[in-house]
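[1] fold the following, please.
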Amino acid sequence: MTPQVLTELQRIVAKIIGGEEGLEVLQGDIADEYETHAALSSTKCKHILEVYGCSIRPRTHPPDLGYIFMEYAEHGDLHDFLEYLEDNPE
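    From the prediction side, this is the model:
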């Protein structure tokens, strides 16, 4: 996993994933999800969010936390965006 370096001020979002199953399981889950997002965003399609990197925050008490840093989507997730389009026809 090679994180992308941000060269200008950008709005990003952190997707947080909690892992009750333990650190090793969380590391695998974060790696799998990050690689999936990275493969999709490498297509450079304007309809797919960019992914910038990921990290894991081990804690002394569960849950351990994993983060995936992604491009900010102005209208939220796909469901929110579709609702926005329905409420605001062009």
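[2] send me the longest helix seen in the chain as CSV with only the CA atoms.
    Across the chain, the longest stretch assigned as helix under DSSP state H is helix 23-41. Extracted in CSV, the C-alpha atoms of helix 23-41 (Å, rounded to 0.1, in the frame of the first residue of the first chain):
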residue,chain,number,x,y,z
LEU,A,23,-5.8,-6.3,15.5
GLU,A,24,-4.7,-9.0,12.9
VAL,A,25,-8.3,-9.3,11.6
LEU,A,26,-8.6,-5.5,11.4
GLN,A,27,-5.3,-5.2,9.5
GLY,A,28,-6.5,-7.7,7.0
ASP,A,29,-9.9,-6.0,6.6
ILE,A,30,-8.3,-2.5,6.2
ALA,A,31,-5.8,-3.9,3.7
ASP,A,32,-8.5,-5.6,1.6
GLU,A,33,-10.8,-2.6,1.6
TYR,A,34,-8.0,-0.1,0.8
GLU,A,35,-6.7,-2.3,-2.1
THR,A,36,-10.2,-2.5,-3.5
HIS,A,37,-10.7,1.3,-3.3
ALA,A,38,-7.2,1.9,-4.7
ALA,A,39,-7.9,-0.4,-7.7
LEU,A,40,-11.1,1.4,-8.4
SER,A,41,-9.7,4.9,-8.0
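[3] just list what the helix or strand following it packs against, helices and strands only.
    Once helix 23-41 ends, the next helix or strand along the chain (criterion: DSSP states H and E) is strand 51-57. If contacts are counted by 3 or more Cβ pairs under 8 Å, 6 or more residues apart in numbering; DSSP states H and E, strand 51-57 sits against helix 23-41, strand 64-71. Heads up, the C-betas are built off the backbone N, CA and C, glycines and all.
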